[in-house]
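> The following comprises the amino acid sequence and a computationally predicted model.
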Amino acid sequence: MSKFKKSSNTQQEIPTAALPDIIFMLLFFFMVTTVMRETDIMVKQTLPRATQLTKIERKSLVSYIYIGEPRNTSLYGGEPKIQTNDVFVDANEIVQFVSQEKDKLSEVERDQITMSMKVDVDVKMGIISDVQQELREANARKVLYSAIRSAE
C-alpha cells in the first residue's frame, strides 16, 4: 500500500491579463454615454415651484430658452434678458432661433420640437408674452415651462 502525500502549498492566483481591457472598455463606455453641458447659462435662474409636473420623454427634441436677469449686471445691465444657446437675443430673433433648431433635426422630427422656457421667478410677464408671441409666429406650438417640484 502506498502513501499519498497531501500537498498543501498550492497557489491559486487570480488572472489579471484581461484587466486593462476591461478598464478601457468601461472608460470608453462612460465617455460615449456621458452628456456634457451644452450651454453656459448667463442669467440668474430661480425656477418657480409646482405641484403637478411631467417628465420629458425625448430630450433630444427640446430646445431651451432662458429668461432672467443677467449674472454680469455691470456688462449687460439689470433688465431681464433672453438667452438662447450661449448668446443673448431680442424677442424678434426667436423666430430665427426656432428655425435654426428645426434645421438640426430630421424632417420627420421637425414638427415635434418642444421649446422649453426656463424663466426666473422675478421676471415680469411682458417679456414672457413677447417670447410666446414670437414662438407662435415661428410655428413652435409645443411650449413647456420648467419648474421644480415643491415640497408639500
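Happy to help now that I have it.
> And the average pLDDT for the lengthiest helix in the chain is what?
Longest helix in the chain by number of residues (criterion: DSSP state H): helix 19-33. Confidence over helix 19-33 (mean pLDDT, whole number) is 90.
> From the chain's centroid, how far away is that helix?
Mean C-alpha position of helix 19-33 versus that of the full chain (C-alpha atoms, centre = their mean, to the nearest Å) differs by 24 Å.
> Ok, stretch 45-62 next?
Taking C-alpha atoms, centre = their mean, the mean C-alpha location of stretch 45-62 is offset from the chain mean by 11 Å.
> Repeat that for stretch 24-44.
Distance of stretch 24-44 from its chain centroid, counting by C-alpha atoms, centre = their mean, is 10 Å.
> So which bits of that stretch are buried?
Judged by neighbour count using 16 or more other C-beta atoms under 10 Å, the buried positions of stretch 24-44 are M42, V43, K44. In short, each C-beta sits where N, CA and C put it, glycine included.
> any chance you could read off phi and psi for the last one?
Yep, that's K44 we're talking about. K44 adopts backbone torsions of phi -70, psi 140, taken as degrees, to the nearest 10.
> for it, what are its contacts?
Applying C-beta atoms under 8 Å, 6 or more residues apart in numbering, we find K44 in contact with G68, E69, P70, R71, D120.
> tell me which strands and helices the helix or strand where L75 lies is in contact with?
L75 is located in helix 73-76, with elements delineated by DSSP states H and E. When contacts are defined as 3 or more C-beta pairs under 8 Å, 6 or more residues apart in numbering; DSSP states H and E, helix 73-76 packs onto no helix or strand at all.
> Put the alpha carbons of that helix into PDB.
Included here for helix 73-76 are C-alpha records, laid out as PDB according to Å, rounded to 0.1, in the frame of the first residue of the first chain:
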ATOM      1  CA  THR A  73     -25.100  93.100 -14.400                       C
ATOM      2  CA  SER A  74     -22.100  95.500 -14.900                       C
ATOM      3  CA  LEU A  75     -21.700  94.300 -18.500                       C
ATOM      4  CA  TYR A  76     -25.300  93.600 -19.600                       C
END
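> what's next to that helix, contact-wise?
If you take C-beta under 8 Å, 6+ apart as the criterion, helix 73-76 is touched by M42, P70, F88.
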